[in-house]
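*Asks:* generate coordinates for the sequence data below:
(chains A, B, C and D)
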2 protein chains.
Amino acid sequence: MSQQPAARVAVIKDVARLAGVSHQTVSRVLNDHPSVRDETRERVLRAVQQLNYRPNALARGLAGRRSRVIGVVSFDTILHGPAATLLGIERAARHAGYGISIVALERLDRSGVIDAVNRLAEQSVAGVVIIAPLLTAAAAAGSLPSGVPAVVAESDMAGDLPTVSVDQVAGARLAVEHLLDLGHETVWHLSGPKDWLEARDRVDGWRAALEAAGRRVPPVLAGDWSPRSGYEAGRRLADRGDVTAVFCANDQQALGMLRALHERGVRVPEDVSVVGFDDIPEAAYLSPPLTTVRQDFDEVGRRCLAALLELLGVDRPPGVARHPRVPPSLVVRASSGPPPAA
Amino acid sequence: MSQQPAARVAVIKDVARLAGVSHQTVSRVLNDHPSVRDETRERVLRAVQQLNYRPNALARGLAGRRSRVIGVVSFDTILHGPAATLLGIERAARHAGYGISIVALERLDRSGVIDAVNRLAEQSVAGVVIIAPLLTAAAAAGSLPSGVPAVVAESDMAGDLPTVSVDQVAGARLAVEHLLDLGHETVWHLSGPKDWLEARDRVDGWRAALEAAGRRVPPVLAGDWSPRSGYEAGRRLADRGDVTAVFCANDQQALGMLRALHERGVRVPEDVSVVGFDDIPEAAYLSPPLTTVRQDFDEVGRRCLAALLELLGVDRPPGVARHPRVPPSLVVRASSGPPPAA
DNA sequence: GCCCGCATTGTTATCGGTCACATTCATGGG
DNA sequence: CCCATGAATGTGACCGATAACAATGCGGGC
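*Replies:* Predicted coordinates for the structure are as follows:
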């Protein structure tokens, strides 16, 4: 009467009973402890199979003070960079046998980041990855109160935490040098919002490449990542008439710019060359197809995880750089060409 | 000597000691139990504050067999629909006081979905939301072995599980009726991959709208969501010369189509009208700005959560529809207009 | 032949909460 | 005045795993 044949899931004791061993021996088998006789191990594994037993992660985490879940603090946006980074981290975590818990933030400010990390800490995550493309977020990450192991992505400065990011400066250089090589006198730049680190770095890389070539550095046009800001900047540039090459800080802005130039009768690339950044899936099918800079977000995810596992001390490879910068690559399409002969 | 003044985090016993009550009373305060004197409650809350105590979610889940985390099974892609749905769910969950754990799948097949749900079940999530835009995934979700409460998003058939989805048929109708209203004889359709439910529904809605108006139904062009497939279809349509209106199953395909038409010298909307689906951020800045159908993914997220909470029995509102369909809306821009006078 | 050490296995405490039940005390009807 | 009732609080078991330590058996060195 006391037995309820309901579909209750099996726990470690059930396995132990079926295998005729103690629950501790079952635990040893599950955790690959060396001191278990082969025959015993097999008996246990058979029981596990038979009962379709799966260890309870909560109990494991509570007893062992370590969990197989890592937290990710992200930004509540479907912008290509953060979204792709999140997926990259998820993929890397999954392949390493970790689950991921995410908290998205509406505003990436100090208290928001700290609060998010605390929420994740409550769930006893093994560590966290903070996707911090904004200055404020990176600063907040650098001054976390709790003792949670943390890695910061899309940022290269966050107190003494390890960071992982794409080398934005190098990416901007690639874009600018490509345009100079084509024969352009100089290159204009439509930047992203100035509180974004990536936007800053791209400005820096753009300026450095121009200065290294001894070229005039035009004023920076300020955008906000949106196609709208690219559109508006495009109208202004079309009105000037003396611009032959523009480097846009992301593909969406480049898209808006292409549209503005087209409306004004400015031909791309015959009159003006345009280069973007990100290589979003649409880039190859714009009119004209967009020359742009591609970032390897899978690699970013992998390195985030490697850095985190290193912090957790579960990984042997000793030589993980503390601030690796993933190199981007240039994708040349039809939106860039030599300047008009005039 | 036995005391270690290290920054050990406070646990419930520490709070109890400081407040001069039993740990159980602290637990009562934390869980809003009615039978606690106001003065006692305040003393406990003061201690909580003072120690910066945060309850351990693992222990809570283990002891109480309920957790404040819901799992999300998603598709390993940055396609607009799934990505936006994920964010919508996260936002709704956060506002309801739940955390979310995600597992992304490379292939949405039966064993993949079941495996993902099992992985989440191991972590004792309160329930799961399965984003299942493919037939295979929906079928798998409908035959889950475990007893985990589950809701299926982006699907309207999954065994007897509750589902939440945007009304794709209605969305397609909006697009087609808009074009017919403009005076077009009929409307062609570039579909998505046929194993996607949304693609199917959009085909159905398109066909239904044409038939309801007594119009000829052209053959369906098959795409795969990519701008490339839109581009290729666009070339084929341009070659025909008798097409005046096209409804593309998503904006990326519409983008590729716009490019192909432009290359062939076909003017949009003067010669051919094009309507997309999704209203991606880029849509308003294409050449020409794209008329499209917008889906409210925040609403989808909210309803998923409402359905899940209903399953969990923690929510009063009794009248939550079991298969709600969120209505989409038409966004008219410049890519659609009356057919050529000829 | 005795003792030590290692491999193997079992026993019990513990993680940090919640649950079920016991206890205490004030209140009120008969 | 007594006892049933319910509010307020405490005690100990329990959730399902791992950790620490004990116990057992076997082989080898002296």
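*Asks:* burial of the spatially closest residue to A:Gly142 that is not a sequence neighbour, as a residue count?
*Replies:* Closest residue to A:Gly142 apart from its sequence neighbours, by C-beta to C-beta, 6 or more residues apart in numbering or on different chains: A:Gly159 at 2.7 Å. Yep, even glycine has a C-beta here, placed from its N, CA and C like the rest. The tally of other residues near A:Gly159 (other C-beta atoms under 10 Å in any protein chain shown) stands at 14.
*Asks:* secondary structure element holding the residue most central in space within chain A?
*Replies:* With distances taken as C-alpha atoms, centre = their mean, chain A has A:Thr85 as the residue nearest its mean C-alpha position (2.4 Å). Following DSSP states H and E, the helix or strand that holds A:Thr85 is helix A:80-95.
*Asks:* give the buried residues for that helix.
*Replies:* For helix A:80-95, the neighbour count (16 or more other C-beta atoms under 10 Å in any protein chain shown) marks A:80-94 as buried.
*Asks:* same deal with stretch A:238-255?
*Replies:* By neighbour count on 16+ other C-beta under 10 Å, the buried set for stretch A:238-255 is A:238, A:243-255.
*Asks:* I'd like those written out as JSON lines, with pLDDT and distance to DNA strand C added.
*Replies:* JSON lines is the format used below for the buried residues of stretch A:238-255 (pLDDT from 0 to 100; distance: C-beta to the nearest atom of the strand, whole Å):
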{"residue": "A:Ala238", "pLDDT": "96", "distance to DNA strand C": "62"}
{"residue": "A:Val243", "pLDDT": "96", "distance to DNA strand C": "61"}
{"residue": "A:Thr244", "pLDDT": "97", "distance to DNA strand C": "64"}
{"residue": "A:Ala245", "pLDDT": "98", "distance to DNA strand C": "60"}
{"residue": "A:Val246", "pLDDT": "98", "distance to DNA strand C": "56"}
{"residue": "A:Phe247", "pLDDT": "98", "distance to DNA strand C": "52"}
{"residue": "A:Cys248", "pLDDT": "98", "distance to DNA strand C": "50"}
{"residue": "A:Ala249", "pLDDT": "98", "distance to DNA strand C": "46"}
{"residue": "A:Asn250", "pLDDT": "96", "distance to DNA strand C": "44"}
{"residue": "A:Asp251", "pLDDT": "97", "distance to DNA strand C": "47"}
{"residue": "A:Gln252", "pLDDT": "96", "distance to DNA strand C": "45"}
{"residue": "A:Gln253", "pLDDT": "97", "distance to DNA strand C": "48"}
{"residue": "A:Ala254", "pLDDT": "97", "distance to DNA strand C": "51"}
{"residue": "A:Leu255", "pLDDT": "96", "distance to DNA strand C": "50"}
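*Asks:* identify the farthest-apart pair in the residues you listed.
*Replies:* Spanning the widest gap among those are A:Thr244 and A:Gln252, at 22.3 Å by C-beta to C-beta.
*Asks:* quick one: A:Leu286 and A:Leu255 touch, right?
*Replies:* Yes. The pair A:Leu286 / A:Leu255 is scored as a contact, 6.0 Å apart, by C-beta atoms under 8 Å.
*Asks:* what residues does chain A have near DNA strand C?
*Replies:* Counting by C-beta under 7 Å from any atom of the strand, the residues of chain A lying close to DNA strand C are A:20-25, A:28, A:33-37, A:40, A:59, A:62-63, A:65.
*Asks:* near chain B, from those?
*Replies:* Contacts with chain B within the residues of chain A next to DNA strand C, counted by C-beta under 8 Å from any C-beta of the partner chain: A:59, A:62.
*Asks:* out of the residues of chain A next to DNA strand C, which end up buried?
*Replies:* Neighbour counting over the residues of chain A next to DNA strand C (16+ other C-beta under 10 Å) leaves A:21, A:25, A:28, A:36, A:40, A:59, A:62 as the buried ones.
*Asks:* which SS class is the third one?
*Replies:* Following DSSP: H, G, I helix; E, B strand; the rest coil, the label given to A:Arg28 is helix.
*Asks:* OK, contacts around A:Leu30?
*Replies:* A:48, A:55 (C-beta atoms under 8 Å, 6 or more residues apart in numbering or on different chains).
*Asks:* ah, wrong one, I meant A:Gly88
*Replies:* Neighbour list for A:Gly88: A:297-302, A:304 [criterion: C-beta under 8 Å, 6+ apart].
*Asks:* now do A:Leu174
*Replies:* For A:Leu174, the set of contacting residues under the criterion of C-beta under 8 Å, 6+ apart consists of A:293, A:328-330.
*Asks:* up against chain B, what does the stretch 151-300 of chain A have?
*Replies:* By the criterion of C-beta under 8 Å from any C-beta, the positions of the stretch 151-300 of chain A lying close to chain B are A:226-228, A:230-231, A:252, A:255-256, A:258-259, A:262-263, A:281-282, A:284-287.
*Asks:* let's see 6 Å
*Replies:* Counting by C-beta under 6 Å from any C-beta of the partner chain, the residues of the stretch 151-300 of chain A close to chain B are A:227, A:231, A:255-256, A:259, A:262, A:282, A:285, A:287.
*Asks:* A:Val129 is in contact with the residue nearest to the centre of chain A, correct?
*Replies:* No. With contact defined as C-beta atoms under 6 Å, A:Thr85 does not reach A:Val129; the gap is 8.8 Å.
*Asks:* highest neighbour count among the residues of the stretch 151-300 of chain A next to chain B?
*Replies:* The most neighbours of any of these, using other C-beta under 10 Å, belong to A:Leu255, which has 29 neighbours.
*Asks:* any idea how far that residue lies from DNA strand D?
*Replies:* Noted for A:Leu255: a distance of 51 Å to DNA strand D, by C-beta to the nearest atom of the strand, to the nearest Å.
*Asks:* just to revisit the earlier point, just the ones of the contacts of A:Leu174 in strands?
*Replies:* When DSSP state E defines the strands, the subset of the contacts of A:Leu174 inside them is A:293, A:329-330.
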